[in-house]
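Participant: Make a model of this:
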Amino acid sequence: MKANVLQLLRDEEGNYISGAKISEALNCSRTMVWKYIDALRKEGYEIEAVSNKGYCLIKEYDRLSKHELLSRLTDHSIFSDVIYEESTPSTQIIAQAAANEGVCEGTVVIADEQVSGRGRLGREWYSPPETGIWMSMILRPKVDFRRAPQLTLVTAVAVVRAIEHVTKLEAEIKWPNDLLLNGKKIAGILTEMQADPDQIKAVIIGVGINVNHRSFPEGIEDIATSLANESDRTFNRAELIAQILKEFEWLYDAYLTKGFSFIKPLWEARSNTIGRMIKARTANDVIEGFAEGIDEEGVLLLRDKTGDRHNIYSADIDIAKN
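Facilitator: Model prediction:
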């Protein structure tokens, strides 16, 4: 119910809304409205009350909670449930367990801090409190399990579009799962699947974004950056999460109904990999060549110096130095 109160206050855009109007909208007593307002104030929300005018949300701060996020989503969104943890080893671990327990598609796991955050190939992901977005989405797509990796590319498009909408910064996508600003990493995507031999049970997509970081540990300080560092501003993480979910929802629907061919040009338009000389470090080899594009499955197409074309399904990508 606190999410509904927040939504009503935010919808007024700095104007007052009466307690009577809130109680009518939520079908509860004005006493209960006051209790919800009081609870929100204790969480740090600055809400002003004026006789004969009502309540007004004066100022918002960067905070994460279940009701903070739900208050920013529409009632018909597929993202209808949020699991919030102040601190957790990894949102992927919680999401995997929740998916096994049968939670509905569209459940989102969010944490303020990850103490054992991980990226692709089990690499550590720096996830300090009150700085970034650490989230996992639980999906149950009715598609062939071989198509699951395409959802990484769908998510990448959603995240760069959301970043541009909220921050005006134009991030690039580095195949297959990194987002860059000015050549440095700001985000990573980790897609994991639970499946039977013949069908997907769940796809869990983890997203980590460096939002309000001002510094990074030794070892990654030269390769990582944040939205705050690149703009000299700080951002409301809940607002950015909500925009990511909104972007992802319509792209996911288009993907399921129209196929990956709809996503492909959107991804290519934001890629920093296509049309460049690269090194692809696969599990067995290092292949250097020209990145021609991605195919209809999302596989990277690389043509080496001898003219042979390679289909790259999984690799670490380095842009070749001139």
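Participant: Please work out which residues outside the lengthiest strand in the chain touch it.
Facilitator: Using DSSP state E, we find that the single longest strand of the chain is strand 184-196. With C-beta atoms under 8 Å, 6 or more residues apart in numbering as the test, strand 184-196 has contacts from 92, 96, 99-100, 118-120, 125, 145, 148-149, 151-152, 155-156, 159, 163, 171, 174, 177-180, 200-210, 223-227, 230. In this view, the C-beta of every residue, glycine as well, is placed from N, C-alpha and C.
Participant: Beyond that strand, next helix or strand please.
Facilitator: strand 199-209 (DSSP states H and E).
Participant: who does the very next helix or strand once past that following strand touch, helix- and strand-wise?
Facilitator: Once strand 199-209 ends, the next helix or strand along the chain (criterion: DSSP H and E) is helix 227-231. Applying 3 or more C-beta pairs under 8 Å, 6 or more residues apart in numbering; DSSP states H and E, we find helix 227-231 packed against helix 150-167.
Participant: Flag every buried residue along the helix it packs on.
Facilitator: Using 16 or more other C-beta atoms under 10 Å as the test for burial, helix 150-167 gives 150-163, 166-167.
Participant: Kindly confirm my reading that E288 forms part of a helix.
Facilitator: No: counting by DSSP: H, G, I helix; E, B strand; the rest coil, one finds E288 to be strand, located in no helix.
Participant: Not counting sequence-adjacent ones, nearest residue to A39?
Facilitator: K2 (6.3 Å; C-beta to C-beta, 6 or more residues apart in numbering).
Participant: now the longest strand of the chain, how far from the centre of its chain.
Facilitator: Centroid separation for strand 184-196 versus its chain: 10 Å, with C-alpha atoms, centre = their mean, to the nearest Å.
Participant: One more: stretch 211-221?
Facilitator: 19 Å.
Participant: Please list the outside residues in contact with it.
Facilitator: 62, 126, 128, 130-133, 210, 224, 226-229, 234-235, 237, 240.
Participant: Quick one: mean pLDDT for stretch 244-256?
Facilitator: For stretch 244-256, mean pLDDT rounds to 97.
Participant: contacting residues around D318?
Facilitator: 278-279, 281.
Participant: That one: helix or strand, and which one exactly?
Facilitator: strand 316-319.
Participant: circling back: out of the buried residues of helix 150-167, flag the one nearest to I263.
Facilitator: V154 (5.4 Å; C-beta to C-beta).
Participant: Angles on the backbone of L69, please.
Facilitator: phi -70, psi -50 (degrees, to the nearest 10).
Participant: residue nearest the centroid of the chain?
Facilitator: V207 (4.7 Å; C-alpha atoms, centre = their mean).
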